[in-house]
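> how would this look folded up:
(one chain, ligands or ions: 1)
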Amino acid sequence: MKLWGGRFTKETDSYVNAFNSSLPFDRRFYKQDIRGSIAHVTMLAKQGIISEDDKNAIIPGLESIAKDIESGALPFDETSEDIHSFVEANLIERVGDAGKRLHTGRSRNDQVALDMRLYARDQIDEMKELLKELLATILPIMEENIETFMPGFTHLQKAQPVTLAHHLGAYFEMFSRDVQRLIGIRKRMNYCPLGAGALAGTTYPLDREYTASLLDFYGPTLNSMDSVSDRDYIIEFLSAMATVMMHLSRFSEEFIIWNSNEYRFINLDDAFSTGSSIMPQKKNPDIAELVRGKTGRVYGALTGFLTTMKGIPLAYNKDMQEDKEMFFDALDTTKSCIKLFTGMLSTTTFNKENMAASAKKGFTNATDAADYLVLKGVPFRDAHGIVGQLVLTCEEKGISLDELPLADYKAISPVFEDDIYEAISLKTCVEKRMTIGAPGPEAMKAVITKEKEFLNSI
Ligand code: ARG
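Below is the predicted model of the structure:
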């Protein structure tokens with residue numbers, strides 16, 4: 001059923017109906033639409049704008065619609081233009097004339113602005129929970145691997161030894177910033193647009209503070225034109241999701257590399273990997289690859305919607321209906337990627353021996369050998385050159401620095417003594433890095449304590 005038509009003399013073209021309709025996708029926030037209507041009606045009755053009797057007919061009517069949609073007893077009627085028309089028309093069918101008073105002092109413009117906010121707010125809360133689970137999965141793996149040595153890389157070349165705890169800790173930090181971003185967005189957007197009307201408020205004595213408090217907002221929005229045409233929070237949310245996906249995608253890329261035949265740092269659980277239809281030996285990291293691939297969709301939603309919004313004059317324009325489909329797709333994609341990644345991470349086993357063996361090769365302790373010389377009074381630039389020569393010797397012999405005999409060390413610099421081996425052991429290299437943020441076990445423990453506190457605080 002249509003909510004308008006009085007000034008029209010012709011039926012709408014059927015293609016126009018189909019093109020214009022948002023019901024196929026805005027049905028997903030029917031709960032928020034009904035919640036908003038209940039608050040609106042409660043306020044209207046308190047202000048004496050509608051009667052208590054009407055309110056007492058409308059609210060149970062709305063509640064029964066919610067229940068019937070939920071159970072499937074009320075199918076969506078494809079002829080409705082959007083979820084707002086669908087619910088209102090159905091309410092009138094159920095409760096008669098009282099239902100016709102629901103839309104007093106309201107426009108679909110402030111109604112949809114409200115629904116989207118309520119829906120986005122719920123989604124922020126859900127996504128925050130999923131990120132918390134991911135963080136809660138990373139933390140115990142870190143705790144168990146404070147002394148699991150692995151190579152740290154720059155340019156994907158072995159650089160200096162770190163630990164698995166330290167490497168995963170970098171992701172803990174990224175995802176905790178993602179959570180904080182969501183918290184920030186929620187704070188900024190938590191104001192109620194209802195009462196803005198079509199664009200210029202209404203002539204009814206609405207109590208906007210009251211409606212806002214019924215819906216758990218901090219208060220009403222302060223400009224009615226902005227209220228009906230603000231979609232910044234969706235853009236911020238899309239940007240936060242794009243950032244979550246970027247982090248997940250980098251983590252996935254590492255998993256793909258670590259799972260490769262050359263690295264073998266990890267074993268993916270059978271439940272989180274897939275096989276090949278032709279090559280029987282294969283166990284592929286499809287989940288990580290899909291997460292990496294799906295990042296593009298979420299970026300697309302962000303740039304798509306930024307582009308949609310950029311030329312829209314105040315106030316509401318129908319372009320804004322385009323805030324939904326790609327946003328919903330981004331939400332579904334991001335949430336499922338966080339969930340899947342968490343599942344994959346929690347079932348992965350780490351090949352600690354391979355990691356340590358890899359850290360031993362590739363001269364990750366070369367900086368420490370130079371630091372050893374510096375401690376013995378050699379200027380750093382000279383030390384750098386001496387160790388460079390040592391690396392060359394080792395490469396010629398096909399051995400690592402800790403396998404090079406002392407005589408070879410001394411041949412290049414007499415400063416070297418027997419304690420060089422202790423100084424460049426993986427354990428020493430890591431343990432000596434003890435400033436906060438570094439991989440040394442004491443620093444790691446202090447950081448993990450802080451990270452636990454953070455996790456408990458969100
Ligand atoms: N389906 C519309 C949207 O999502 C609802 C608002 C319609 N308002 C209007 N003036 N046509 O934006």
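
> which elements pack onto the helix of greatest length in the chain?
Ranked by number of residues, the top helix in the chain under DSSP state H is helix 108-144. With contacts taken as 3 or more CB pairs under 8 Å, 6 or more residues apart in numbering; DSSP states H and E, helix 108-144 sits against helix 30-46, helix 83-95, helix 164-189, helix 224-229, helix 232-259, helix 325-347, helix 441-457. Backbone N, C-alpha and C define where each C-beta goes, glycine included.

> show me the contact partners of the shortest one.
With CB atoms under 8 Å, 6 or more residues apart in numbering as the test, helix 224-229 has contacts from 107, 109-110, 113, 193, 195-201, 221, 312, 314-317, 320.

> in helices only, show me those.
Counting by DSSP H, the contacts of helix 224-229 place Asn109, Asp110, Ala113 in helices.

> quick one: the first one and Glu78, what's the gap?
As judged by CB to CB, to the nearest Å, Asn109 and Glu78 stand 23 Å apart.

> higher neighbour count, the two?
Taking neighbours as other CB atoms under 10 Å, Asn109 and Glu78 compare with Asn109 leading, 21 against 11.

> I'd assumed Leu314 was in contact with the more buried one.
No. If you go by CB atoms under 8 Å, Asn109 and Leu314 don't touch, sitting 11.6 Å apart.

> what helices or strands is the helix or strand harbouring Asn56 leaning on?
In the assignment (DSSP states H and E), Asn56 maps to helix 52-71. Using 3+ CB pairs under 8 Å, 6+ apart, the elements in contact with helix 52-71 are helix 30-46, helix 83-95.

> next, count neighbours for Ser64.
16.

> same check, this time on Arg121
Residues near Arg121, counting by other CB under 10 Å, number 20.

> in the stretch 151-300 of the chain, which residue sits closest to the ligand?
Ala198 (7.0 Å; CB to the nearest ligand atom).

> residues near that residue, how many?
By other CB under 10 Å, neighbour count at Ala198 equals 16.

> quick one: it and Tyr316 touch, right?
Yes. Using CB under 8 Å, Ala198 is in contact with Tyr316, at 7.1 Å.

> overlap of the contact sets of these two?
Common contact partners of Ala198 and Tyr316 (CB under 8 Å, 6+ apart): Asn109, Val228.

> what is the mean pLDDT for stretch 6-21?
Confidence over stretch 6-21 (mean pLDDT, whole number) is 88.

> and for stretch 221-236?
Rounded mean pLDDT across stretch 221-236 is 98.

> which parts of that stretch are buried?
Buried residues in stretch 221-236, counted by 16 or more other CB atoms under 10 Å: Thr221, Ser224, Asp226, Ser227, Val228, Ser229, Asp230, Arg231, Tyr233, Ile234, Ile235, Glu236.

> of all pairs in these, which one is the farthest apart?
Farthest pair in those (CB to CB) is Ser224 and Glu236. Separation: 21.3 Å.

> quick one: which of the buried residues of stretch 221-236 is nearest to Leu3?
Once CB to CB is applied, the member of the buried residues of stretch 221-236 that ends up nearest Leu3 is Val228, at 16.8 Å.

> out of everything not next to it in sequence, what's closest to that closest one?
Computed as CB to CB, 6 or more residues apart in numbering, the closest residue to Val228 that is not its neighbour in sequence is Asn109, at 4.1 Å.

> let me know the pLDDT of the one you found.
98.

> now Met1
At Met1, pLDDT is 65.

> quick one: closest of the helices and strands packed on helix 108-144 to Glu209.
Closest among the helices and strands packed on helix 108-144, once you apply CB to CB, is helix 30-46, at 9.5 Å.

> just the buried residues of that closest one, please?
30, 32-45.

> show the average pLDDT along that helix.
98.

> how far off helix 52-71 does that helix point, in degrees?
170 degrees (axes from the mean of the first three to the mean of the last three CA atoms, to 10 degrees).

> so Ala443 sits against Thr435, correct?
Yes. Using CB under 8 Å, Ala443 makes contact with Thr435 at a distance of 6.3 Å.

> ok, those two, which is more surrounded?
Using other CB under 10 Å, the more surrounded residue of Ala443 and Thr435 is Ala443, with 18 against 8.

> wait, what's in contact with that one?
Taking CB under 8 Å, 6+ apart, one finds Arg433, Met434, Thr435, Ile436, Gly437 in contact with Ala443.

> nearest to Glu453 among those residues?
Ile436 (14.6 Å).

> give me the secondary structure label for that closest one.
Here Ile436 is recorded as coil under DSSP: H, G, I helix; E, B strand; the rest coil.

> look up phi and psi at it.
Main-chain dihedrals, Ile436, degrees, to the nearest 10: phi -60, psi 130.

> surely it is in contact with Met444?
No. Applying CB under 8 Å, one finds Ile436 not in contact with Met444, separated by 9.6 Å.

> residue numbers of the stretch 151-300 of the chain in contact with the ligand?
On the criterion CB under 6 Å from any ligand atom, the ligand has no neighbours in the stretch 151-300 of the chain.

> shaky segments in the stretch 151-300 of the chain?
Applying pLDDT under 70 to the stretch 151-300 of the chain flags no residue at all.

> again, only using 80
276, 282 (pLDDT under 80).

> what residue, apart from its backbone neighbours, is nearest Thr163 spatially?
Among residues not flanking Thr163 along the chain, Pro439 sits closest, at 4.9 Å (CB to CB, 6+ apart).

> for the one you found, phi and psi?
Per-residue torsions, Pro439: phi -80, psi -10 (degrees, to the nearest 10).

> over to Phe363?
phi 60, psi 40.

> ok, the nearest residue to it once chain neighbours are set aside to Ser400 distance?
Spatially, and ignoring its direct neighbours in sequence, Phe363 is nearest to Val391 (5.4 Å; CB to CB, 6+ apart). Separation of Val391 from Ser400 (CB to CB) stands at 10 Å.

> now the common contact residues for the two.
Common contacts of Val391 and Ser400, defined by CB under 8 Å, 6+ apart, comprise Phe363.

> tell me which of the helices and strands packed on helix 52-71 sits nearest to the ligand.
Among those, the nearest to the ligand by CB to the nearest ligand atom is helix 83-95 (6.2 Å).

> now do the buried residues in that closest one.
In helix 83-95, counting by 16+ other CB under 10 Å, buried: Ile83, His84, Ser85, Phe86, Val87, Glu88, Ala89, Asn90, Leu91, Ile92, Arg94, Val95.

> from these, list the ones also adjacent to the ligand.
Taking CB under 6 Å from any ligand atom as the test, the ligand is in contact with none of the buried residues of helix 83-95.

> of these, just say which sits nearest to Ala356.
Ile83 (57.3 Å).

> which residue is the nearest non-sequential neighbour of the closest one?
Distances taken as CB to CB, 6+ apart place Asp26 nearest to Ile83, at 4.4 Å, with adjacent residues excluded.
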